[in-house]
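J.: Build the 3D model from these lines:
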Amino acid sequence: MINDLVSKLKDRHYADLLAKGRLVCPDCGAAATDAPDAGASTMRCARCRTTVLLEEWSRAGRDGLMVGDADSPPPDTKIVRSTNGGGTTWHIPAGGKGGCFLLFAGIWLSGIAVVSMPMIFGFITDPTKQQGDIPGWAIIPFLGLFWIIGLGVLYLGLRAQFAQYLLTVDGSMIALRREMFGRVSEKSIALDEVVRIVQKEFYQKNYQSVFGIEIEGKRSKLRFGSMLEDDEKAWLVADLRRAFMQPGDILPPMASHAPLTATPPAGRQSSFSFTLETPWLAILIPALIVLPVGIFFVCIGFWVINPGNPQDRGPDWVRLFGAAWLLMSSVVTISAASGALFVLRNRGARSQFDGDETNVSIRLMKGERSIREKWYPRSEVTTVKAVTRGKYGTTEMKRVLLLVGGKKIEIAKWVPAIEADQFVRAANAALHGK
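T.: As a prediction, the model looks like this:
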């Protein structure tokens with residue numbers, strides 16, 4: 001009964017989104033013209049013929065992500081595109097949109113300066129002075145955290161206001177050059193290492209996603225453009241993909257380092273077998289770095305900011321700050337410990353996706369032993385999809401799903417985005433020949 005009620009509420013929700021024009025294909029940007037089938041978890045786009053999870057349709061409509069046309073630059077854009085010889089350049093002038101960041105940074109830093117100067121002066125004049133059991137030097141990490149936040153926001157504001165970019169694509173690499181106040185920095189990625197060019201959520205403003213442009217390589221990324229207009233971002237992504245001779249695709253052909261146990265198929269395969277390894281190094285290394293740092297800050301919270309004796313904890317604002325410090329430090333420590341535990345439990349495990357003419361199977365393997373195994377009729381399989389799960393450090397992680405019989409079946413829950421996207425392309429090619 002509860003499941004029926006939830007299903008009806010979801011159907012009504014998607015019907016409302018359809019009526020408002022906010023049920024949008026995440027692959028091509030076309031708005032849905034018909035409501036999804038009752039109880040379905042996927043829907044096929046009438047324009048690009050791609051079957052996508054309804055959650056992604058909903059998210060694309062909510063975020064307002066635009067899909068651009070390389071031949072139709074926005075009429076009022078200030079981006080200047082030019083070609084010379086075998087290369088193409090895009091000059092992106094300073095956005096002049098850092099006012100909110102600069103205002104916030106000014107207020108924040110002014111307030112911190114007013115609060116911190118007397119405290120720093122008192123520490124300099126009498127370094128041995130204590131507030132209860134709290135040593136005088138404790139104000140340094142305490143105030144330093146707030147200064148770092150303020151200066152970071154100030155830098156973001158200055159960059160949004162004054163930085164200008166020059167993006168160059170030639171026969172061997174793509175380079176991003178940033179200039180601000182006469183200082184120049186440049187990063188580049190070899191063309192044969194570019195994995196994808198996409199609009200990516202950089203941050204949220206008033207609970208709304210703010211997208212920028214990300215050019216992702218096998219070992220590095222180029223990120224820019226969050227201050228551009230939405231139509232400029234959409235057009236620039238489309239134009240960049242065309243420069244890479246990928247007019248309608250997010251990803252280039254399968255990269256040579258794909259973690260698959262079989263060669264990517266050229267058409268529908270009567271039998272296939274693909275493997276996703278558990279990315280234990282991608283999780284373990286950040287976890288081992290963050291875990292001791294989190295423990296250190298927890299210890300500072302317990303024994304420096306909020307010592308054991310309640311009478312020695314100082315004014316109310318010190319106790320409140322100590323509670324917030326402990327909460328944040330504990331969340332970081334628990335997250336790192338959970339990541340390390342996940343690795344220890346799953347090291348050596350791999351997800352295996354196999355199929356023949358009749359059935360497909362999902363196995364969780366350790367060595368040559370199958371820990372868990374599920375079988376499904378191949379005729380009921382719709383597609384394989386990768387859905388963003390979150391980030392671990394700077395690495396985007398995705399969940400890989402098999403859509404079968406209107407249901408979502410998990411193949412792997414925590415896979416680096418590059419590997420997940422490559423797996424999806426190869427698996428769908430083997431299943432459907434496309």
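J.: switch to C-alpha atoms for all contacts and neighbour counts from now on
T.: OK.
J.: and the closest residue to residue 153 other than its chain neighbours, what element?
T.: Once flanking residues are discounted, residue 153 sits nearest to residue 105: 5.7 Å by Cα to Cα, 6 or more residues apart in numbering. Following DSSP states H and E, one finds residue 105 within helix 99-125.
J.: now do residue 364
T.: Counting by DSSP H and E, residue 364 is found in strand 359-366.
J.: Quick check: which ranges of the stretch 151-300 of the chain have low pLDDT?
T.: Scanning the stretch 151-300 of the chain for pLDDT under 70 picks out 206-207, 245-267, 278-283.
J.: Can you show me the helices along it?
T.: Secondary structure of the stretch 151-300 of the chain (DSSP state H, counting those that start in this stretch): helices at 230-243, 280-300.
J.: Tell me which of those sits most buried.
T.: helix 230-243 (a mean of 22; mean count of other Cα atoms under 10 Å).
J.: picking up where we left off before, turn the helices of the stretch 151-300 of the chain into TSV, columns for distance to residue 322.
T.: What follows is the helices of the stretch 151-300 of the chain, written out as TSV (distance: least, Cα to Cα, whole Å):
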stretch	distance to residue 322
helix 230-243	41
helix 280-300	9
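J.: of all these, which lies closest to residue 10?
T.: helix 230-243 (29.2 Å; Cα to Cα).
J.: Show me what the closest one is packed up against.
T.: strand 194-205, strand 208-217 (3 or more Cα pairs under 8 Å, 6 or more residues apart in numbering; DSSP states H and E).
J.: quick check: mean pLDDT across the helix ranked longest in the chain?
T.: The residue-count maximum for a helix in the chain (DSSP state H) belongs to helix 316-346. Here helix 316-346 scores 79 as its mean pLDDT.
J.: Which positions within that helix qualify as buried?
T.: 319, 322-323, 325-326, 329-330, 332-333, 335-337, 339-340, 343, 346 (16 or more other Cα atoms under 10 Å).
J.: With stretch 38-58 instead?
T.: Quick answer for stretch 38-58 (16+ other Cα under 10 Å): 41, 42, 43, 44, 45, 51, 52, 53, 54, 56, 57, 58.
J.: Those in helices, which ones?
T.: 54, 56, 57, 58.
J.: Between all of those, which two are separated the most?
T.: Most distant of those, by Cα to Cα, are 54 and 58, 6.2 Å apart.
J.: Go ahead and report the secondary structure state at residue 70.
T.: coil (DSSP: H, G, I helix; E, B strand; the rest coil).
J.: Please work out how many residues are found near it.
T.: Using other Cα atoms under 10 Å, the number of residues around residue 70 comes to 17.
J.: ok, now how distant is it from residue 241?
T.: Using Cα to Cα, to the nearest Å, residue 70 is found at 8 Å from residue 241.
J.: again with residue 234
T.: Residue 234 is 11 Å from residue 241, by Cα to Cα.
J.: if you skip the residues just before and after it, what's nearest to residue 297?
T.: residue 329 (5.9 Å).
J.: Touching, that neighbour and residue 302? I think so.
T.: No: between residue 329 and residue 302 there is no contact under Cα atoms under 8 Å: 10.7 Å.
J.: for the helices and strands packed on helix 230-243, which one sits closest to residue 11?
T.: strand 208-217 (24.2 Å).
J.: for the closest one, packing partners?
T.: strand 194-205, strand 221-224, helix 230-243.
J.: mind putting the ones you listed in a markdown table, distance to residue 81 included?
T.: Shown next, in a markdown table, are the helices and strands packed on strand 208-217 (distance: least, Cα to Cα, whole Å):
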| stretch | distance to residue 81 |
| --- | --- |
| strand 194-205 | 18 |
| strand 221-224 | 16 |
| helix 230-243 | 10 |
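J.: right, so of the ones you listed, which gets closest to residue 360?
T.: Among those, strand 194-205 sits nearest to residue 360 (Cα to Cα), with 28.3 Å.
J.: just the angle between that closest one and strand 208-217, please?
T.: 160 degrees (axes from the mean of the first three to the mean of the last three Cα atoms, to 10 degrees).
J.: And the contacts of strand 194-205?
T.: 209-218, 226, 233-234, 237, 240-241, 250-252, 255, 418 (Cα atoms under 8 Å, 6 or more residues apart in numbering).
J.: how about a cut-off of 6 Å?
T.: 210, 211, 212, 213, 214, 215, 216, 217, 250, 251 (Cα atoms under 6 Å, 6 or more residues apart in numbering).
J.: buried sites along that strand?
T.: So for strand 194-205, counting by 16+ other Cα under 10 Å, buried means 194, 195, 196, 197, 198, 199, 200, 201.
J.: hey, what's the third one bridged with?
T.: When assigned by DSSP bridges, residue 196 has beta-bridge partners residue 216.
J.: cool, the last one as well?
T.: When assigned by DSSP bridges, residue 201 has beta-bridge partners residue 211.
J.: Distance check, it against residue 82.
T.: Distance from residue 201 to residue 82, by Cα to Cα: 28 Å.
J.: repeat for residue 192
T.: Distance of residue 192 to residue 82, given as Cα to Cα: 22 Å.
J.: Over to residue 335?
T.: 47 Å.
J.: Residue 300 too?
T.: Applying Cα to Cα to residue 300 and residue 82 gives a distance of 55 Å.
J.: now do residue 215
T.: Residue 215 is 20 Å from residue 82, by Cα to Cα.
J.: again, but for residue 8
T.: Separation of residue 8 from residue 82 (Cα to Cα) stands at 53 Å.
J.: repeat for residue 163
T.: 20 Å.
J.: Of those two, which one has the most company?
T.: A count of neighbours by other Cα under 10 Å puts residue 163 above the other of residue 163 and residue 82, at 21 against 11.
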